[in-house]
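Q: how would this look folded up:
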Amino acid sequence: MPSTLGIRQVPKGNLRPVSLRPGTVFLADCPARMAIEIISSKWAVVTLFALTDGPVRHGDLVDLIGGVSRKVLTQTLRRLQDNGLVERRAYAEAPPRVEYGLTELGRTLEEPIRKLTEWARVNGEAVVAFHEAADDKDT
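A: All right, here's what the predicted structure looks like:
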């Protein structure tokens, strides 16, 4: 019986234990590399974070996120859906209503995203200072 990984079927017995030994975690076929590929787009983590408080309509997501075009948000949502992190719910109403929310799998990223957000809050000024020092050195 195959197990489900996101939306893809993986034949039973094809899952290998992940080694955390240095130099092996990010091999081409490892889960860590796949996870980073999923969330590495500019808008993926921001979109996931915007959905942590519950389902949101597309237009409201555009306003909430700020700076993302409707087209890019749609592409981001589709990619997150394809990976089982976001679900799209269409309601049979007039006018039609569509909401996006995190799946159970998507909710597992809430804590890592909070930690990344905290890292940015604590270290953001240091990164900006580094860039400013590099710019001053170049001029």
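Q: where does pLDDT dip in the chain?
A: 1-29 (pLDDT under 70).
Q: and the helices in it?
A: Remark: helices assigned in the chain by DSSP state H are 31-39, 44-50, 58-65, 70-82, 104-107, 110-138.
Q: tell me which residues in the fourth one are buried?
A: Translated: helix 70-82. Val72, Leu73, Thr76, Leu77, Arg79, Leu80, Gln81 (16 or more other CB atoms under 10 Å). Bear in mind the C-beta positions are built from the backbone N, C-alpha and C, glycine included.
Q: same check on the longest one?
A: Of all the residues in helix 110-138, those buried under the rule 16+ other CB under 10 Å are Ile113.
Q: name the helices or strands packed onto it?
A: Applying 3 or more CB pairs under 8 Å, 6 or more residues apart in numbering; DSSP states H and E, one finds that helix 110-138 makes contact with helix 44-50.
Q: what is the helix it packs on packed up against?
A: Short answer (3+ CB pairs under 8 Å, 6+ apart): helix 44-50 packs on helix 31-39, helix 58-65, helix 70-82, helix 110-138.
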